[in-house]
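A.B. asks: I need the structure of the sequence given here:
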Amino acid sequence: MRLGIYCGSFNPVHKGHIRIAEECVKQGYVDKVMIIATGSYWNKNDLMPLNDRLNMLRLVAGEDIIIDDRYNEMPYTYQIFEKLNEDYPQDELVFVVGADNLLKFEDWKEYKQLLHYDFIVVDREDIDVPEQMKRLHKENYVILDLEKMDISSTFIRNHLDDYKAIEDMIDKKVYDYLRRRKS
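C.D. replies: Sure, this is the predicted structure:
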């Protein structure tokens, strides 16, 4: 099985995150997508508790999405992939990565280990993905064909008191969970 690995903070999970995972399967790049919410993030200090982020992911995950809670506390993506290779030796792992991450990919710990995997790149119109991949000497990648989504987790967090402002960005079940959590 080809298994897409989609790591991130998901702080909170929004419709864009789920659509990316669903499209990876729908477009035939992978059979399933495993979403791994990171326990901590090197450049984020305002994360909701991991358990809340996992609960929100479970509320909206479809049948082709696996929400995993075994690798969340690993500090680096390459470590997650090393452990996944041990746990899923029969599967082919594919890295789902946002184009914005390519800009500073060389700053990632042991980034060259990740270059051995196929990539599914979530495009951004302000980033030249082929140029970034050429710079990384990477040929085994595809760019996910996805309609542009203007969604911001920060905007969602800042507008939790105004559902109308975020209803197109966030699933109602996630919104209700966040409101209960805030109470």
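A.B. asks: Give me the residues contacting the helix or strand hosting residue 157.
C.D. replies: In the assignment (DSSP states H and E), residue 157 maps to helix 153-158. By CB atoms under 8 Å, 6 or more residues apart in numbering, the surrounding residues in contact with helix 153-158 are 9, 10, 11, 12, 14, 46, 165, 166, 169, 170. Quick note: C-beta positions are derived from backbone N, CA and C, even for glycine.
A.B. asks: what's around the third one, how many residues?
C.D. replies: Yep, that's residue 11 we're talking about. Residue 11: 21 surrounding residues under other CB atoms under 10 Å.
A.B. asks: I'd assumed residue 48 was in contact with it.
C.D. replies: Yes - with contact defined as CB atoms under 8 Å, residue 11 reaches residue 48; the gap is 5.7 Å.
A.B. asks: And the nearest residue to residue 25 once chain neighbours are set aside, how far from residue 48?
C.D. replies: The shortest distance from residue 25 to any non-neighbouring residue, by CB to CB, 6 or more residues apart in numbering, is to residue 64 (4.4 Å). Residue 64 is 25 Å from residue 48, where distance means CB to CB, to the nearest Å.
A.B. asks: which of these two has more neighbours?
C.D. replies: Of the pair residue 64 and residue 48, residue 48 is the one with more neighbours under other CB under 10 Å, namely 18 against 15.
A.B. asks: Which residues are in contact with the more buried one?
C.D. replies: Neighbour list for residue 48: 11, 12, 181 [criterion: CB under 8 Å, 6+ apart].
A.B. asks: quick one: which helix or strand includes residue 113?
C.D. replies: Taking DSSP H and E as the definition, one finds residue 113 inside helix 111-114.
A.B. asks: Repeat that for residue 34.
C.D. replies: Residue 34 belongs to strand 32-37 when assigned by DSSP H and E.
A.B. asks: Give me the sheet partners of that strand and which way each runs.
C.D. replies: Strand pairing for strand 32-37, using DSSP bridges, gives strand 2-8 (parallel), strand 65-68 (parallel).
A.B. asks: Could you single out the most deeply buried of those strands?
C.D. replies: Sort the strands paired with strand 32-37 by mean neighbour count, taking mean count of other CB atoms under 10 Å, and strand 2-8 sits at the top with a mean of 21.
A.B. asks: Fine, thanks again, bye for now.
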